[in-house]
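In: need a structure here:
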Amino acid sequence: MNDGNKRNFEEKRIAASALPSVFQRMAARFSLPQLFSFSFMAQFLLAAGLIAILLFRGGQEAVDILLKEMRQEVLERVHEQLSRHMKEPVRFNRLNADALDAQLFDLSASFTRERYFVSHIRAFPDVAMAFIGLPDGSFYGGTP
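Out: Now for the predicted structure:
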């Protein structure tokens, strides 16, 4: 063996011989029931710590899954509400355009015009006012 290996071997032998002396000092300091109590408490605390870590991680995963589901549900509801609210004005305008094309009411008669707009506003509760602008620049409307 070369010098490096001899020195390494000596260090390992000294460390191995020091280990029993540590146990001998502990045995001299503590009684046997105390050593058993300490070892039992150390095992118990280690097991409790591992269980706590596993439960904490499991709880975090459960919360993450729940948050993901809630986020998806909120996004779906927002999309549904936006779609409904964005389709309603288009439908409302389409009804007015169809009524004008079919000449269902006379824009020059204010009474029928007002009645037409008020009936449409009542049919669409989210609508506050209804107006029609014509290509010639005239503008007609009504409010409830």
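In: Can you show me the strands along this structure?
Out: For the chain, strands defined by DSSP state E occupy the ranges 130-133, 139-142.
In: which residues touch the last one?
Out: Which is strand 139-142. Applying C-beta atoms under 8 Å, 6 or more residues apart in numbering, the contact partners of strand 139-142 are 107, 113-114, 116-118, 121, 129-134. (Each C-beta comes from the backbone N, C-alpha and C, glycine too.)
In: Show me how to select, in ChimeraX, the buried members of those.
Out: Only the buried entries of the contacts of strand 139-142 go into this ChimeraX selection, using 16 or more other C-beta atoms under 10 Å:
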select :113,116,117,121,130,132
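In: which among the contacts of strand 139-142 gets closest to A97?
Out: Among the contacts of strand 139-142, I132 lies closest to A97 (C-beta to C-beta), at 8.5 Å.
In: okay, now the domains of the chain?
Out: Split into domains by automatic domain parsing, the chain comes to 1-30, 31-86.
In: Tell me where the model's unsure across the chain.
Out: Along the chain, the parts satisfying pLDDT under 70 run over 1-24, 26-27, 144.
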